[in-house]
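Asks: Return atomic coordinates for the entry below.
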Amino acid sequence: MAGSTHETDPSLPRSGYDPDFLGTPVGLPSLDPSIQDDALLWNGKETIPYTHFSLSMSQTRRFARWVAWNIDGASIKLISRTNLTFTKDPRLPAKTQIGNELYDDNRLDRGHIARRSDLLWGTMSEAQQANTDSFRYTNITPQMDDFNQSSKQGVWGRLENALFEDVDVQNLRISVFGGPIFHADDREYRGVALPAEYWKLLVFQEQGVVKSRAFVLTQNLEHLREIPMLDEFRVYQITVAELEERTTLHFPAIIQRTGALTSVRSLGERSPLDGAGDIVW
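Replies: This next block holds a predicted model:
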């Protein structure tokens, strides 16, 4: 296993999410006009690039509204996280990012949106840079320390793995989108509104056919105003149309078209996933 003491220069250019990664163009989500003014701009743009992923930050919530990343399963590297620390992105004003002040001395974990292991591919130099980039607080949201364990036997934490295991993914390549879902009544802690829902969207090709599959991780379908704890999550599979409604994001036509599953009912009509075997690929 390679070491992880690799340090990168934050001023170096980052290629970010690749829309042509699957061979068929799959662009980034766009913000609904109602939330457009909330985007944090970097170099005049709302999309902030990193190694193998890009994201868009909310000014008011100081978390990413969406993160988009590519996974090349054929060139994944095994790199340790030892000696890596969570840091704010020096390219952005520190006050626009939630840092260690939220996570110190409590049960909240610093949860990666784009999984660290998803990003460690390409050349060793690229993988090492991605390893470091994944620890920026812009890619982090607060999660309870038993977050994945409570999410129906860890289904949420292994959605990408389950896809590789169950589907003949063309060229072992996946494009993934994910992030928190913001609500006006999210519970505040240390002056920070904590997201109580998360979403993820997987896009891949199987036998030349592009497919998009959307999921939401939620505590309560009605989103209770008072949340006693943040560790009773359930995972649901939903349509892309419902995902757009819940996130106030708009996805490219190819995702809308390939994520319109007639077999997936609305969230309120479905049971949570008990395991990866319940997923409709």
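
Asks: Am I right that N83 falls within a strand?
Replies: No. Checked against DSSP: H, G, I helix; E, B strand; the rest coil, N83 lies outside a strand; its state is coil.

Asks: And it, how far from D109?
Replies: Distance, N83 to D109, by Cβ to Cβ, to the nearest Å: 19 Å. Placement of C-beta: from N, CA and C, glycine included.

Asks: more neighbours, those two?
Replies: D109 (16 against 10; other Cβ atoms under 10 Å).

Asks: Who is the more buried one paired with across the strands?
Replies: Q143 (DSSP bridges).

Asks: for G178, same thing?
Replies: Residues in beta-bridge contact with G178 (DSSP bridges): V67, K200.

Asks: Could you report the neighbour count for it?
Replies: Neighbours of G178 under the rule other Cβ under 10 Å: 23.

Asks: same thing with Q59?
Replies: 12.

Asks: what are the ranges of the strands in the stretch 1-150 of the chain?
Replies: For the stretch 1-150 of the chain, the strands defined by DSSP state E, counting those that start in this stretch cover 30-31, 48-49, 53-57, 64-72, 108-112, 140-144.

Asks: need the helix or strand of the protein with the lowest average pLDDT.
Replies: Ranked by mean pLDDT, DSSP states H and E, the weakest helix or strand in the chain is helix 147-150, scoring a mean of 60.

Asks: And the helix or strand following that one, what's buried?
Replies: Next along the chain after helix 147-150, taking DSSP states H and E as the criterion, comes helix 159-166. Buried residues in helix 159-166, counted by 16 or more other Cβ atoms under 10 Å: 159-160, 162-163.
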